[in-house]
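sequence isn't available, so here's the structure alone:
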C-alpha cells in the first residue's frame, strides 16, 4: 500500500471535540477562535460539543451532535458519527474536567474507536497529577499523531512528568485578535476612562485568581496615583457561582471598602464579547494576572493583552514565565501585595519603560494573531492527512 499526501487544493474536513459557544467557558471560546482561524485556510470544521448534565446551549449549525460529559454511551455514539463522516482529522481540545470528570475518564476510550488522525491541544498540564490523571493523559497523548501546547515549558512537563514522546509536540501560540494600532489613542474617551491610569484583570472569577492581593496592592498604588483605577472584568465562574454564589466577589468588595479604596476598584460583572474585551485591554496601562495556580500553562487573557501591546505584571505561573521573558513584563511572587504594587508603580512611574514595553509587546504579539495561528493549525492538519491508495480508484473525501 502506498501513502500519498492529500493535495493542498482539496479542502480538509476536520471535526473538533470540545466545549463550544455559547457555553461560557474559556475552552469553548478558544475552540471557536481556532475554527474561525483555520476556516480561512481551506479547512472546513464541524464540532462535537461537550455538555454538562442538564444543560443544552443553543448551538449553531457547526455542531454535529452533543456529548454529555459523564455519559460513556454518548462518546461511543460520537465516535461512530466521526468514523462514518469521512473526516480527515479530529482536533481534541483537552482540559481536565470536560471529558468525564476531573480525570477525563472517558476520553481515552473514545479515542480508541477513532479511525482518523488525532491532533490534541493540551490546555492544562499538572506537575503532580494523580496516577489516574497521568495515565489517562498519557493514553490520549499516545493516541494523538500530533500534540499542541502553547508554551515551551509544557514540552518539558510532557516529557518528564507524563512520559510522552515529545517528537510529535508542536508549540503554537495561544491566538489573539488583530487590533488596529491607532485605536489605542481614543479608546479611553470611548469608555469614559479619560484621565485615569487603568490596571485591569479579566476572566471568570474564582478564588484562585488571587485578586484579593491585587486589591491590597491598590492601597499603595493610589497613594502615588490617586487617579489609578483597577478594573476587575468578568463574571463569576459558572461552577463556582452554582456552588457558592458570589461569595468571592463579595469578599473582594468588602476588602476594597475596608482599605478605603472602593472608589478605585470597579467590578464589571458580565460575560464580555471579544470586541468589548479588546477595547478594555487597549485602555489598560498595566495588565495584571495575580494568579495563584503556578502550574497554569496558558492564559487567553494574557495572550490577548500581549497582542494589544500592554505592559504586563504577573505571578510566575508557567505561561507567564514563558510569555514575559526578555523584558516583556514583570514577574512578582504569588500572594505578595507589595510585590504587585512595586511592579505596577515601576511601570506607572517610568513613562520610558512603559513605552518600551508597549512597543516590545506589540511587536511580539504579531506572531500570536489568529490568522497566523490558524495557518499553523492548518499546516499541522495537512501534514497528518494521508490517504491509502490501492488498485481501486482514489475517492477524495467530500467537501464540507
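In hand now; what should we look at? Predicted, not measured: the structure shown is a model, and the values here were computed from it.

surely residue 173 touches residue 148?
No. With contacts counted by Cβ atoms under 8 Å, residue 173 stays clear of residue 148, the gap being 10.2 Å. Using the backbone N, CA and C atoms, a C-beta is placed for each residue, glycine as well.

what's near enough to touch residue 141?
Contacts for residue 141 (Cβ atoms under 8 Å, 6 or more residues apart in numbering) come out as 120, 122, 147, 158, 162, 164.

so it belongs to a helix, correct?
Yes. Assessed by DSSP: H, G, I helix; E, B strand; the rest coil, residue 141 belongs to a helix.

let's have the contacts of residue 141 in JSON lines, adding secondary structure and neighbour count.
Below are these laid out as JSON lines (DSSP: H, G, I helix; E, B strand; the rest coil; neighbours: other Cβ atoms under 10 Å):
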{"residue": "120", "secondary structure": "strand", "neighbour count": "23"}
{"residue": "122", "secondary structure": "strand", "neighbour count": "26"}
{"residue": "147", "secondary structure": "strand", "neighbour count": "27"}
{"residue": "158", "secondary structure": "helix", "neighbour count": "21"}
{"residue": "162", "secondary structure": "coil", "neighbour count": "20"}
{"residue": "164", "secondary structure": "coil", "neighbour count": "22"}
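
biggest separation within those, which pair?
The span of the contacts of residue 141, defined through Cβ to Cβ, is set by 120 and 162 at 12.2 Å.

strand partners (parallel or antiparallel) of the top strand by length along the chain?
As assigned by DSSP state E, the longest strand anywhere in the chain is strand 43-51. According to DSSP bridges, strand 43-51 forms sheet pairs with strand 12-18 (parallel), strand 63-68 (parallel).

now those strands as a markdown table including distance to residue 271 and mean pLDDT?
Formatted as a markdown table, the strands paired with strand 43-51 follow (distance: least, Cβ to Cβ, whole Å; pLDDT from 0 to 100):
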| stretch | distance to residue 271 | mean pLDDT |
| --- | --- | --- |
| strand 12-18 | 18 | 97 |
| strand 63-68 | 19 | 97 |
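
which one of the ones you listed lies closest to residue 348?
Proximity to residue 348 (Cβ to Cβ) singles out strand 12-18 among these, at 39.0 Å.

in the stretch 151-300 of the chain, where is pLDDT below threshold?
Along the stretch 151-300 of the chain, segments meeting pLDDT under 70 span 182-184.

mind listing the strands for it?
According to DSSP state E, counting those that start in this stretch, the stretch 151-300 of the chain carries its strands in the segments 169-171, 197-202, 228-233, 265-268, 286-289.

can I get those in CSV including mean neighbour count and distance to residue 342?
Formatted as CSV, these follow (neighbours: other Cβ atoms under 10 Å; distance: least, Cβ to Cβ, whole Å):
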stretch, mean neighbour count, distance to residue 342
strand 169-171, 17, 32
strand 197-202, 24, 13
strand 228-233, 22, 14
strand 265-268, 17, 19
strand 286-289, 27, 12
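
residue 16 is nearest to which of those?
Taking Cβ to Cβ, strand 169-171 is the member of these nearest to residue 16, at 16.6 Å.

helices and strands around the closest one, which ones?
If you count contacts as 3 or more Cβ pairs under 8 Å, 6 or more residues apart in numbering; DSSP states H and E, strand 169-171 packs onto strand 146-149, helix 152-160.

tell me which residues in the last one are buried?
By neighbour count with 16 or more other Cβ atoms under 10 Å, helix 152-160 contains the buried residues 153-155, 157-158.

reformat the residues you listed as a markdown table; add distance to residue 264.
Formatted as a markdown table, the buried residues of helix 152-160 follow (distance: Cβ to Cβ, whole Å):
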| residue | distance to residue 264 |
| --- | --- |
| 153 | 35 |
| 154 | 36 |
| 155 | 41 |
| 157 | 38 |
| 158 | 42 |
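
what's the burial count for the spatially closest residue to residue 368 that is not a sequence neighbour?
Among residues not flanking residue 368 along the chain, residue 173 sits closest, at 4.3 Å (Cβ to Cβ, 6 or more residues apart in numbering). By other Cβ atoms under 10 Å, 22 other residues sit near residue 173.

with residue 370 instead?
When neighbours are defined as other Cβ under 10 Å, residue 370 has 21 of them.

correct me, but it touches residue 175?
Yes. Assessed by Cβ under 8 Å, residue 370 is found in contact with residue 175 at 4.2 Å.
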